[in-house]
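S.K.: Give me a model of this one.
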Amino acid sequence: MWYWLFKYVLIGPLLVALGRPTIEGLENIPARGPMILASNHQAVLDSFYLPLKVQRRITFLAKSEYFTGHGLKGAFQKWFFTAVGQVPIDRTGADAAQDALNAGARVIGKGKLLGIYPEGTRSPDGRLYKGKTGMARLALQTGVQVVPVAMIGTDKMNPIGSKMWRPAKITIKIGKPIDFSRFDGMAGNRFVERAVTDEVMYDLMLLSGQEYVDVYAASMKKKPEDSAVAGSERIPDTRAS
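M.R.: I've put the predicted structure just below:
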């Protein structure tokens, strides 16, 4: 119940007023059945605007820190993310990757839409970073199609480090579903999983118009002093026209 109240009454109208969101390619998401929505990740608001414009309910795998905070803020975060049906995952333990895959498989097994950010974290500078292969492994294990989703403008409304939202035009582009059935039985093959991931990231690059950088976004956040060097490792011809 809370999911729909937030979407249509409590938060949705404010998001519409601030972002004037538009969506392209909505017909690429079927009316029923499981599917993975693989999105670029510009800002926390990505997880707000995508569900706002997609009619079906979307479940995201949310970091467990949102559910374990202290004080009034921590209690509110836990209530909010639980109320909207997000699934907590622990990203720090030795079994974190497998736990996340298991959680995602359960969502897909219920015939739902699963939202995933292949980059693993928000882009630190607006570029598109190398995707992690967990999404590919999940797609190969479950046999579901992957739909690339480009979020555009959320980083302008909610820049990293900002505490206030600011008006900005939000555009969502939904790409055509990608069928990886040609790789049936090859889940666990790291070369196949990398190929699947890179195919999705290529489509995200074309949809979003972002420059692609062949390093993980998390490594940029850990070593900001190396950003100039890492940024130079862009794959040739990877800026969308």
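S.K.: Every contact and neighbour count from this point should use C-alpha atoms.
M.R.: Fine.
S.K.: and residue 146, what are its bridge partners?
M.R.: residue 36, residue 178 (DSSP bridges).
S.K.: How many neighbouring residues does it have?
M.R.: Neighbourhood size, residue 146 [other Cα atoms under 10 Å]: 25.
S.K.: Please name the residues that touch it.
M.R.: Contacts for residue 146 (Cα atoms under 8 Å, 6 or more residues apart in numbering) come out as 35, 36, 37, 38, 139, 177, 178, 179, 200.
S.K.: any idea how far the residue of the chain most remote from its centre lies from residue 77?
M.R.: For the chain, the largest distance from the centre (Cα atoms, centre = their mean) belongs to residue 71, which lies 28.0 Å off. Taking Cα to Cα, to the nearest Å as the measure, residue 71 falls 10 Å from residue 77.
S.K.: Please apply the same query to residue 135.
M.R.: Residue 135 is 26 Å from residue 77, by Cα to Cα.
S.K.: again with residue 25
M.R.: In terms of Cα to Cα, residue 25 sits 32 Å off from residue 77.
S.K.: Look at residue 135 and residue 77 and report which has more neighbours.
M.R.: residue 135 (27 against 17).
S.K.: which residue sits closest to that one in space, ignoring its chain neighbours?
M.R.: Closest residue to residue 135 apart from its sequence neighbours, by Cα to Cα, 6 or more residues apart in numbering: residue 118 at 6.3 Å.
S.K.: After the top helix by length along the chain, which helix or strand is next?
M.R.: Of all the elements of type helix in the chain, the one with the most residues (DSSP state H) is helix 190-208. Counting by DSSP states H and E, the element after helix 190-208 in chain order, helix or strand, is strand 212-213.
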